[in-house]
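Enquirer: Coordinates only, no sequence provided:
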């Protein structure tokens, strides 16, 4: 990341914004399936519960950063049904003025029913997300007086490519976070997404998939990105840089395990916040790991409460008093 500006760090977070509609069915889908007539299947299930949750990778990351005291600019495409969600994000410190509102499509939506055997029937409606490719970063950067970092998260593939190309052309440092879109994109597209990134973030499986699809080795990727961060689930995270030893960071002790959804988004939010504070890679990854732990302990990707003093206390328990002192100065209210 370039030298820290004199004012607040200006971070744009691009990617998906969605709502999740999650239902539970107390029976078994398999009891209603007739194998010899699957070509004519027509079924309806009376569900027991419905939860509507806020989601989308970009919104989750921006929410996490805002809880750590930053004011990230959320850059995404949504529908006219976004008003309540916008209010929620703004109340929690996210700048939503970079949002494009579609006249024709609803906000992206994930609809999933889970039966008693944990089998799932789901649909994803991209909706307004397909219009994210219309968003240009330069006018947003001009309004903010520049951009110090752009997070390019999973989104409409054409939007991801446009944002990445614009970052390279205009000199905006960027975080490449292709995530689940790696499975649908070809090698040439993935090379365009990550080449020249200041940071590349993937999980362990995505790390291997990136190498397979691009045809680049780990060393070759490290020659093309500034920092490569790999999340390792319960084993924490690893930070790699060309010519430097790997930095491994463990996960803090969980108080309970409620729901892993959104854990990776929280790690990214914490890591980028730590980097924006001027912390080293190890400390930034530790911030990411603790924020991810808060999400694991909560049902929902944006339902956790971050008490700054409590966060610092848990950080001290996990990583030591000296480490906690480094982050305390950056958290409001400690």
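Expert: Sure thing, it's come through. Please read these numbers as outputs of a predicted model, since none were measured by experiment.
Enquirer: Could you look up the SS state of residue 110?
Expert: Secondary structure state of residue 110, per DSSP: H, G, I helix; E, B strand; the rest coil, is strand.
Enquirer: Helix or strand: which one has the spatially most central residue of the chain?
Expert: Compute the mean C-alpha point of the chain, and by Cα atoms, centre = their mean the closest residue is residue 265, 3.2 Å away. Residue 265 belongs to helix 263-276 when assigned by DSSP states H and E.
Enquirer: tell me what the next helix-or-strand element following that helix is packed against?
Expert: Elements were assigned by DSSP H and E; along the chain past helix 263-276, the next helix or strand is helix 281-296. When contacts are defined as 3 or more Cβ pairs under 8 Å, 6 or more residues apart in numbering; DSSP states H and E, helix 281-296 packs onto strand 237-240, strand 247-249, helix 263-276, helix 308-319, helix 321-328. Where you see a C-beta, it was placed from the backbone N, CA and C, and this is true even at glycine.
Enquirer: May I see the buried residues of helix 281-296?
Expert: Of the residues in helix 281-296, those with enough neighbours to count as buried (16 or more other Cβ atoms under 10 Å) are 281, 283-296.
Enquirer: With stretch 78-90 instead?
Expert: Buried-residue list, stretch 78-90, by 16+ other Cβ under 10 Å: 78-79, 81-82, 85-86, 89.
Enquirer: quick one: which of these sit in helices?
Expert: Among those, the residues falling in helices (DSSP state H) are 85-86, 89.
Enquirer: Any buried residues in stretch 166-183, and which?
Expert: For stretch 166-183, burial by neighbour count (16+ other Cβ under 10 Å) applies to 166-167, 172-179, 181-182.
Enquirer: mind checking pLDDT for the residue of the chain most remote from its centre?
Expert: Most distant residue from the mean C-alpha position of the chain: residue 36, 41.8 Å away (Cα atoms, centre = their mean). Residue 36 is assigned a pLDDT of 82 by the prediction.
Enquirer: Am I right that it falls within a helix?
Expert: Yes - secondary structure assignment places residue 36 in a helix (three-state DSSP).
Enquirer: Show me what stretch 33-53 is in contact with.
Expert: With Cβ atoms under 8 Å, 6 or more residues apart in numbering as the test, stretch 33-53 has contacts from 19-27, 29, 32, 113, 115, 300-303.
Enquirer: Residue 29 against residue 116, yeah?
Expert: No - using Cβ atoms under 8 Å, residue 29 and residue 116 do not qualify as a contacting pair, with a distance of 9.4 Å.
Enquirer: of the two, who's got more company?
Expert: Neighbour tally, residue 29 and residue 116, criterion other Cβ atoms under 10 Å: the higher count belongs to residue 29, 17 against 12.
Enquirer: before we move on, back to that, which neighbouring elements make contact with the helix holding residue 265?
Expert: Contacts of helix 263-276 with other secondary structure elements, assessed using 3+ Cβ pairs under 8 Å, 6+ apart, are made with helix 57-67, strand 149-152, strand 199-203, strand 227-231, helix 281-296.
Enquirer: got TSV for the ones you listed, with distance to residue 158 and mean pLDDT too?
Expert: Formatted as TSV, these follow (distance: least, Cβ to Cβ, whole Å; pLDDT from 0 to 100):
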stretch	distance to residue 158	mean pLDDT
helix 57-67	16	97
strand 149-152	12	98
strand 199-203	20	96
strand 227-231	25	97
helix 281-296	29	96
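Enquirer: Dump the ones you listed to CSV, plus distance to residue 321.
Expert: Below are these laid out as CSV (distance: least, Cβ to Cβ, whole Å):
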stretch, distance to residue 321
helix 57-67, 23
strand 149-152, 29
strand 199-203, 28
strand 227-231, 25
helix 281-296, 13
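Enquirer: What's the mean pLDDT across stretch 323-334?
Expert: Per-region confidence: stretch 323-334 scores 84 on mean pLDDT.
Enquirer: For that stretch, buried residues please.
Expert: Buried positions in stretch 323-334, judged by neighbour count with 16+ other Cβ under 10 Å: 323-324, 326-328, 330-331.
Enquirer: Need the contact partners of it.
Expert: With Cβ under 8 Å, 6+ apart as the test, stretch 323-334 has contacts from 68-69, 273-274, 277, 279, 283, 286-287, 308-309, 311-313, 315-316.
Enquirer: and those, which are buried?
Expert: Going by neighbour count (16+ other Cβ under 10 Å), the contacts of stretch 323-334 have 68-69, 273-274, 277, 279, 283, 286-287, 308, 311-312, 315-316 buried.
Enquirer: Nearest to residue 227 among those residues?
Expert: residue 274 (12.1 Å; Cβ to Cβ).
Enquirer: so where's this structure shaky on pLDDT?
Expert: Using pLDDT under 70 as the threshold, the predicted model of the chain has low-confidence ranges 1-8, 332-334.
Enquirer: how about a cut-off of 80?
Expert: Residues of the chain that meet the criterion pLDDT under 80 lie in 1-8, 37, 118, 259, 332-334.
Enquirer: Quick check: residue 302 vs residue 85, distance?
Expert: The gap separating residue 302 from residue 85 is 10 Å, by Cβ to Cβ, to the nearest Å.
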